[in-house]
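Chemist: Structure of the sequence below:
(chains A and B)
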Amino acid sequence: MNANPRGIPQAPFVDDVGEYMKTDTVEATIRKFTEAASKYKFMENSKLQQRGSLEQKIPEIEKTLATIDYLIGQRESEEPIKTLFEINDTLYAHAAIPPTESVNLWLGANVMLEYTLDEAQALLTGKLAIAKGNLKDTIEDLEFLRDQITTMEVNTARVYNWDVKQRRMEKSA
Amino acid sequence: MSTADAKPQTINLEDLPLPQLHKIKAQLEEEMDGLTTAFSHMKQAQATFRECTNCIDALTPDCQDKTILVPLTSSLYVPGKLSNIDSVVIDIGTGYYVEKPKADAVTYYNSKMDYVQANAKAIQDTVEQKQASYRGLLEIMQYKITQQQQATAEKASASK
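Modeler: Got it, this is the predicted structure:
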């Protein structure tokens, strides 16, 4: 069986059901196919979740990167940047940010690291590229999985129909 | 529509057939669910407003020009100074932001809390009313079901 770039096995399409059925009973085959279909569906669900979380993270990274680019542009001027920052849901307060060389990035899991502006820019650009790449891969995988699920369901239907036809022929014989 | 729903007892529930009663029961359950969700949202909003007043109170005069880490985005913090601790900016909704001195901001949040509290109380009263109607409805349904069972039992024994 082939596999796609991320190692998801490809579903075999049963061309000649009669040939295929010589090796196994109908119940076992249908059970195998339904099992494979449900494994693909489970994987599809987890890929969907992955895609959702990536689609949330990417705009945040882009925003942070844009802010850093702005700070880098401002770092030549002597004046502090006046801004409003969020203290609470509907509450903002004034702050003045003097030109600084260092920023702190929240990396998650209660970890915050200090970086220079250039390091932060490089780090975030890398993260953004990885996230975008992952999103592209996940979408590709989702399409591939959809195909495999359809193939498996068609296989199951064909085996079942073949079985019905066999029984009818045996009865009339 | 709300006045008709507020007094379901004016329609005589005992006259209605069982399927109708089932429908009304489902409707009441849906309404109660919606109202309970709204109530919990109100409680949440109240808690947020209370927190905001606490935050404003934390902006004491000796915080002026203190160095803080300013969040510029959800993952980016920059060292900066608290520049103006006498006024804050409040998001009043629909994209409008208003700058107010601290005392006025506290008054604003307190009045919002009172408004939400009044609404929450009204919702609570409505929920209690609906619960009373629901209990009455369940009783009538129970009575009808037992009646129906008796009728089918009698028919069965009569046809033997």
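
Chemist: can you pull the contacts of the residue nearest the centre of chain B?
Modeler: In chain B, the centroid-proximal residue (C-alpha atoms, centre = their mean) is B:Phe39; its distance is 1.7 Å. If a contact means C-beta atoms under 8 Å, 6 or more residues apart in numbering or on different chains, then B:Phe39 has B:Ala120, B:Ile123, B:Gln124, B:Val127 as its contacts. Where C-beta positions appear, they are placed from N, C-alpha and C, glycine not excepted.

Chemist: Quick check: residues of chain B near chain A?
Modeler: For chain B, the residues in contact with chain A (C-beta under 8 Å from any C-beta of the partner chain) are B:48, B:51-52, B:55-56, B:59, B:68-85, B:87-92, B:97, B:105.

Chemist: 6 Å instead?
Modeler: When proximity is defined by C-beta under 6 Å from any C-beta of the partner chain, chain B lies next to chain A at B:48, B:51-52, B:55, B:70-84, B:88-91.

Chemist: Which strands or helices does the helix or strand of chain A with the lowest mean pLDDT pack on?
Modeler: Lowest on mean pLDDT, DSSP states H and E among the helices and strands of chain A sits helix A:17-21, with a mean of 82. Contacts defined by 3 or more C-beta pairs under 6 Å, 6 or more residues apart in numbering or on different chains; DSSP states H and E place helix A:17-21 against helix A:117-172.

Chemist: counting contacts, what elements does the helix it packs on pack onto?
Modeler: Checking 3+ C-beta pairs under 6 Å, 6+ apart, helix A:117-172 ends up next to helix A:17-21, helix A:26-74.

Chemist: give me that answer again for 7 Å
Modeler: helix A:17-21, helix A:26-74, strand A:102-108 (3 or more C-beta pairs under 7 Å, 6 or more residues apart in numbering or on different chains; DSSP states H and E).

Chemist: Can you get me the centre-to-centre distance for that helix and its chain?
Modeler: How far helix A:117-172 lies from its chain's middle: 12 Å, per C-alpha atoms, centre = their mean, to the nearest Å.

Chemist: Equivalent analysis for stretch A:13-23, please.
Modeler: Worked out by C-alpha atoms, centre = their mean, stretch A:13-23 lies 34 Å from the chain centre.

Chemist: can you list contacts of it?
Modeler: Here stretch A:13-23 makes contact (C-beta atoms under 7 Å, 6 or more residues apart in numbering or on different chains) with A:Thr29, A:Thr151, A:Asn155, A:Arg158, A:Val159, A:Trp162.

Chemist: and the helix or strand containing A:Leu84, C-alpha only, in PDB?
Modeler: For A:Leu84, the host element (DSSP states H and E) is strand A:81-88. Coordinates of each C-alpha in strand A:81-88 appear next as PDB, following Å, rounded to 0.1, in the frame of the first residue of the first chain:
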ATOM      1  CA  ILE A  81       5.800  55.500  22.300                       C
ATOM      2  CA  LYS A  82       2.500  56.400  24.000                       C
ATOM      3  CA  THR A  83       0.000  53.600  24.000                       C
ATOM      4  CA  LEU A  84      -3.000  52.100  25.700                       C
ATOM      5  CA  PHE A  85      -2.700  48.600  27.000                       C
ATOM      6  CA  GLU A  86      -5.400  46.200  28.200                       C
ATOM      7  CA  ILE A  87      -5.700  45.800  32.000                       C
ATOM      8  CA  ASN A  88      -9.000  43.900  31.800                       C
END
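
Chemist: Is that strand in proximity to chain B?
Modeler: Yes: using C-beta under 7 Å from any C-beta of the partner chain, strand A:81-88 reaches chain B at A:Lys82, A:Leu84, A:Phe85, A:Glu86, A:Ile87, A:Asn88.

Chemist: who does that strand pair up with?
Modeler: Sheet pairing of strand A:81-88 (DSSP bridges) gives strand A:91-97 (antiparallel).

Chemist: the inter-axis angle of the partner strand versus helix A:26-74?
Modeler: Interaxial angle of strand A:91-97 relative to helix A:26-74 (axes from the mean of the first three to the mean of the last three C-alpha atoms, to 10 degrees): 50 degrees.

Chemist: and strand A:91-97, how far out from the chain's middle?
Modeler: Relative to its parent chain, strand A:91-97 has a centroid offset of 37 Å by C-alpha atoms, centre = their mean.

Chemist: what kind of secondary structure is B:Glu51 in?
Modeler: What DSSP: H, G, I helix; E, B strand; the rest coil gives for B:Glu51 is helix.
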